[in-house]
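Visitor: only geometry, no sequence info:
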C-alpha cells in the first residue's frame with residue numbers, strides 16, 4: 001500500500017500562501033507529523049498546486065481553508081489530476097458555506113430547523129425590514145468574510161448601523177453585497193463535525209466553541225477562542241434529534257440537488273427551548289473544534305477520508321476515546337481588531353502524552369525566528385479522563401507559549417464546569 005500524503009490546514013489561514021507552518025502533513029500509515037513549507041505556492045493558484053502535487057508524488061489532498069473550496073479546488077483537481085483523490089466538496093456543494101443566502105434557502109427547501117430569516121440585496125429594503133420587526137436579529141454578510149461577517153447587534157440602532165457598514169460602506173467587501181437578517185436565538189451553542197461521502201455520515205463528538213474575545217462571553221465575535229468536547233449540553237436525545245432532523249436531511253438534500261459532498265460537514269447549532277436549530281454550515285474541518293474533536297478519535301483518519309472518497313463510508317465506524325478534550329487559542333494583542341505581526345515567539349514542545357501545540361498564524365523570520373503572522377496565532381490542546389483534567393492540562397500547555405501581547409481566555413469550558 002502506498003502511503004497517503006495528507007495536507008490539512010487546521011486553522012483558517014490568514015496567509016495567502018502556503019509558506020508558513022500552518023499546515024500539518026501526515027504520512028500514513030505511519031502517521032508521522034511533519035511541517036511542510038510548501039515552496040511558496042499560493043492557495044489560489046490551482047495549476048501550480050496540481051503541478052506541485054505531481055512533482056512531489058502526492059496522491060491525496062485535504063483542502064483546509066474554505067476559500068479554495070468555494071473557488072473550486074476540488075473540481076479543478078478532479079479535472080486536471082484525476083489520480084489525486086480529494087477529500088473536499090465540489091464547488092456547487094461548497095455554497096453551503098460560501099453563501100449564507102444559499103445555505104438558509106437550502107434549509108428552507110428541506111425543512112431543516114433554523115431561525116426565521118430574510119435575504120436582501122437592496123440596502124433600502126433591508127433597512128425597512130429592520131424597522132418593521134419586533135425581535136432581536138443577527139446580520140450576516142452573504143459571502144466569505146474570514147469568520148468576521150456575523151454581527152450581533154443589541155438594539156435596532158446598532159442593527160441599522162451594522163447594516164450600513166456592511167451594505168453601504170462595504171466593511172466586508174463584496175461578501176456584503178447581499179445579507180441575511182435572521183432571528184437571534186437564545187440557548188447553548190454546539191458544533192458537530194461529520195465525515196460524509198454524500199450518502200453516509202459519521203459524526204465526531206459534539207464540541208462547544210467560545211466565539212467572544214472576552215471571558216464570560218463578552219466583547220466582539222472571533223473565529224473561536226477555544227473549545228471542549230464532548231459538550232454535555234448535547235444529550236443523547238438532542239444528538240438523535242440532530243441526526244434525524246438535520247444531518248440526514250442535509251445529506252439527502254445535497255444528493256437530491258446533485259451537489260456532490262465528499263468531505264467534512266461542520267454544522268453549528270443553537271440548542272433552544274424548542275430544540276436544536278442550525279446556525280450555519282461549514283464545508284471543512286473548522287477550528288478550534290477540529291483540534292479537540294480529532295484528539296478524541298482513535299480511528300485512522302486517513303482510512304476514513306479515503307473511504308469517503310471511495311463512497312465506502314457506510315462500512316466504517318468511529319472509534320472515539322472515552323475521554324475529554326480542550327483547546328485554548330492564544331491570539332495576538334488587539335485581535336479581533338488591528339494587531340501587530342512579526343512579534344518574536346518562544347514555544348516549547350509539550351512532553352506529556354495527549355498534549356499538543358497547533359500553529360496557525362505563525363511564521364519564520366529570515367533568520368529562523370518563530371514569529372506571529374496572524375490574529376489567532378497558536379493553540380494548546382490536551383485530553384484528560386475528565387473535562388476538568390483536560391482543561392487544566394490545556395492551560396499547562398498554554399504556559400509553553402510566550403510572546404509579547406498574547407491574549408487568551410481563561411474560562412474555556414466554563415459552562416460545563418460551573
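Guide: Done, it's in. Not measured: the values here are computed from a predicted model.

Visitor: list the contacts of the closest residue to residue 226 other than its chain neighbours.
Guide: Excluding its sequence neighbours, the residue lying closest to residue 226 (CB to CB, 6 or more residues apart in numbering) is residue 412, at 3.6 Å. Just so you know, the C-beta spots here come from the backbone N, C-alpha and C atoms, and that holds for glycine as well. Residue 412 is in contact with 210, 225-228, 326-328, 391, 394, counting by CB atoms under 8 Å, 6 or more residues apart in numbering.

Visitor: ok, now how distant is residue 341 from residue 368?
Guide: Applying CB to CB, to the nearest Å, the value for residue 341 to residue 368 is 17 Å.

Visitor: swap that for residue 208, sorry
Guide: Taking CB to CB, one finds residue 208 at 38 Å from residue 368.

Visitor: these two: who's more crowded?
Guide: Neighbour count, other CB atoms under 10 Å: between residue 208 and residue 368, residue 208 has more, with 24 against 6.

Visitor: would you double-check that that one falls in a strand?
Guide: Yes: according to DSSP: H, G, I helix; E, B strand; the rest coil, residue 208 belongs to a strand.

Visitor: mind listing what it touches?
Guide: Taking CB under 8 Å, 6+ apart, one finds 188-191, 227-229, 231, 233, 413, 415-416 in contact with residue 208.

Visitor: nearest to residue 288 among those?
Guide: residue 227 (4.7 Å; CB to CB).

Visitor: what's the pLDDT at that closest one?
Guide: Residue 227 is assigned 97 on the pLDDT scale.

Visitor: quick one: the helices in the stretch 201-350 of the chain, in order.
Guide: Taking DSSP state H, counting those that start in this stretch, the helices of the stretch 201-350 of the chain run over residues 236-242, 248-256, 289-295, 301-309.

Visitor: kindly compare burial across those helices and name the winner.
Guide: Among the helices of the stretch 201-350 of the chain, helix 289-295 has the highest mean neighbour count (mean count of other CB atoms under 10 Å), at a mean of 26.

Visitor: I'd like to know which elements that helix is packed against.
Guide: The helices and strands touching helix 289-295, judged by 3 or more CB pairs under 8 Å, 6 or more residues apart in numbering; DSSP states H and E, are strand 188-196, strand 226-229, strand 324-331, strand 355-359, strand 376-384.

Visitor: for the last one, packing partners?
Guide: Spelled out, that is strand 376-384. Applying 3+ CB pairs under 8 Å, 6+ apart, we find strand 376-384 packed against helix 289-295, strand 324-331, strand 345-347, strand 355-359, helix 387-398, strand 401-403.

Visitor: could you dump the helices and strands packed on helix 289-295 to a markdown table with mean neighbour count?
Guide: Conversion of the helices and strands packed on helix 289-295 to a markdown table gives the following (neighbours: other CB atoms under 10 Å):
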| stretch | mean neighbour count |
| --- | --- |
| strand 188-196 | 23 |
| strand 226-229 | 30 |
| strand 324-331 | 29 |
| strand 355-359 | 20 |
| strand 376-384 | 26 |
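
Visitor: turn those into TSV, columns for distance to residue 60.
Guide: What follows is the helices and strands packed on helix 289-295, written out as TSV (distance: least, CB to CB, whole Å):
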stretch	distance to residue 60
strand 188-196	15
strand 226-229	26
strand 324-331	25
strand 355-359	21
strand 376-384	24
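
Visitor: closest one to residue 111 among the ones you listed?
Guide: For the helices and strands packed on helix 289-295, proximity to residue 111 was assessed by CB to CB; strand 188-196 is nearest, at 18.5 Å.

Visitor: contact partners of the closest one?
Guide: 201-204, 206-209, 211, 227, 231, 233-234, 242, 247, 251, 261-271, 276, 279, 285-286, 289-290, 293, 304-305, 308, 313, 415.

Visitor: tilt between that strand and helix 301-309?
Guide: For strand 188-196 against helix 301-309, the angle by axes from the mean of the first three to the mean of the last three CA atoms, to 10 degrees is 70 degrees.

Visitor: for the residue nearest the centre of the chain, give its distance to residue 264.
Guide: A centroid search over the chain (CA atoms, centre = their mean) returns residue 286, at 1.7 Å, as the residue closest to the centre. Using CB to CB, we find residue 286 at a distance of 8 Å from residue 264.

Visitor: can you give me the pLDDT of the nearest residue to residue 269 once chain neighbours are set aside?
Guide: Nearest residue to residue 269 in three dimensions, chain neighbours excluded: residue 276, at 4.6 Å (CB to CB, 6+ apart). Looking at residue 276, its pLDDT is 97.

Visitor: residues contacting residue 276?
Guide: 113, 190, 238, 241-242, 245-246, 269-270.

Visitor: and for residue 93?
Guide: Residues in contact with residue 93 (CB under 8 Å, 6+ apart) are 254, 259-261, 283.

Visitor: check residue 313 too.
Guide: Contact analysis of residue 313 by CB under 8 Å, 6+ apart lists 195-197, 199-202, 304, 307.

Visitor: residue 162: which of those is nearest?
Guide: Looking across the contacts of residue 313 and measuring by CB to CB, the closest to residue 162 is residue 196, at 33.9 Å.
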